[in-house]
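S.K.: I'll drop the sequence and a predicted model, then ask my questions.
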Amino acid sequence: MSASEPGARAVMLAGTVSHAGKTVLAAALCRIYTRRGFRVAPFKAQNMSLKRLSRWPGLRHLPPRPL
């Protein structure tokens with residue numbers, strides 16, 4: 001699909017460990033696609049669950065508050 005054709009395409013990057021370079025690769029791909037005339041919309045998902053563990057001993061994550 002060329003940059004002038006309508007439609008949406010998606011690319012998903014996934015890794016099995018933290019610090020694998022996913023964000024750096026995503027930024028590089030965004031730059032490459034933008035230079036080729038594509039519109040890019042990067043998105044990085046965040047873990048917002050209450051089940052995740054705190055990185056600091058003794059601290060707990062507070063539940064989200066409504067806006």
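M.R.: Looks like it arrived, so ask away. Numbers count the residues shown, from 1 in each chain.

S.K.: and residue 25, which of the three is it?
M.R.: The three-state assignment at residue 25 reads helix, by DSSP: H, G, I helix; E, B strand; the rest coil.

S.K.: how about it, what does it touch?
M.R.: Residues near residue 25 by C-beta atoms under 8 Å, 6 or more residues apart in numbering: residue 13. The C-beta positions use only the backbone N, C-alpha and C, and glycine is treated the same way.

S.K.: Distance of it relative to residue 19?
M.R.: From residue 25 across to residue 19, the span is 12 Å (C-beta to C-beta, to the nearest Å).

S.K.: now do residue 44
M.R.: 14 Å.

S.K.: Next: residue 11.
M.R.: Taking C-beta to C-beta, one finds residue 11 at 21 Å from residue 19.

S.K.: neighbour-wise, which of these two wins?
M.R.: residue 11 (10 against 7; other C-beta atoms under 10 Å).

S.K.: May I have the predicted confidence score for the more buried one?
M.R.: Note for residue 11: predicted pLDDT of 84.

S.K.: Show the contacting residues for it.
M.R.: residue 29.

S.K.: Next, it: phi, psi?
M.R.: Backbone torsions for residue 11, taken as degrees, to the nearest 10, come to phi -130, psi 130.

S.K.: again, but for residue 30
M.R.: Given degrees, to the nearest 10, the pair of backbone angles that residue 30 has is phi -60, psi -40.

S.K.: Could you find the closest non-adjacent residue to it?
M.R.: Leaving aside its chain neighbours, residue 30 sits nearest to residue 40 (4.6 Å; criterion: C-beta to C-beta, 6 or more residues apart in numbering).
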